[in-house]
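Novice: coordinates only, sequence not included:
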């Protein structure tokens with residue numbers, strides 16, 4: 001089941017602007033809740049979610065570890081889900097590979 005995204009083209013520069021519903025990180029096609037659910041499942045000792053690709057979910061976990069270490073410190077590595085929430089509260093994407101704030 002797809003989701004239609006309204007798109008606009010800037011008349012000045014020609015870039016395409018997509019109107020994404022709330023609940024998504026920029027440049028991510030999966031909801032924040034689904035990402036958090038995937039990470040919670042794995043961090044609590046369960047398997048990855050079956051409805052998403054394993055490689056994508058591993059990427060999120062690696063990126064979360066990296067973001068938490070860089071922005072919150074190594075002491076947060078044993079509290080990654082708390083780190084996920086803390087990074088969101090700072091306006092960051094906790095599963096992004098980019099280190100922009």
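Specialist: It's in. Source: prediction; values computed, not measured.
Novice: contacting residues for residue 32?
Specialist: Taking Cβ atoms under 8 Å, 6 or more residues apart in numbering as the criterion, residue 32 is in contact with 23, 24, 25, 88. Placement of C-beta: from N, CA and C, glycine included.
Novice: what's the nearest residue to the first one if we skip its chain neighbours?
Specialist: Counting by Cβ to Cβ, 6 or more residues apart in numbering, residue 31 is the residue found nearest to residue 23 once chain neighbours are left out, at 4.9 Å.
Novice: any idea of the pLDDT on residue 94?
Specialist: Note on residue 94: pLDDT of 94.
Novice: And for it, nearest residue in space, chain neighbours not counted?
Specialist: Per Cβ to Cβ, 6+ apart, closest to residue 94 is residue 87, 3.9 Å.
Novice: distance of that neighbour from residue 57?
Specialist: 18 Å (Cβ to Cβ, to the nearest Å).
Novice: Thought residue 92 was touching residue 71, still the case?
Specialist: Yes - Residue 71 lies in contact with residue 92 (Cβ atoms under 8 Å); the separation is 6.8 Å.
Novice: how about low-confidence regions in the protein?
Specialist: Residue ranges of the chain with pLDDT under 70: 1-3, 100-101.
Novice: List of residues touching the lengthiest helix in the chain?
Specialist: When the chain is parsed with DSSP state H, its longest helix is helix 54-71. With contact meaning Cβ under 8 Å, 6+ apart, helix 54-71 is reached by 30, 35, 38-39, 42-43, 48-49, 76-77, 80, 83-84, 87, 90, 92, 94-97, 99, 101.
Novice: filter those to the buried ones?
Specialist: 30, 35, 38-39, 42, 48-49, 76, 80, 83-84, 87, 92, 94-96 (16 or more other Cβ atoms under 10 Å).
Novice: What about these, which are in helices?
Specialist: Using DSSP H, the buried ones among the contacts of helix 54-71 in helices are 35, 38, 39, 42, 80, 83, 84, 87.
Novice: Take those and write them to JSON lines, including distance to residue 19.
Specialist: Formatted as JSON lines, these follow (distance: Cβ to Cβ, whole Å):
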{"residue": "35", "distance to residue 19": "21"}
{"residue": "38", "distance to residue 19": "25"}
{"residue": "39", "distance to residue 19": "27"}
{"residue": "42", "distance to residue 19": "32"}
{"residue": "80", "distance to residue 19": "31"}
{"residue": "83", "distance to residue 19": "30"}
{"residue": "84", "distance to residue 19": "26"}
{"residue": "87", "distance to residue 19": "25"}
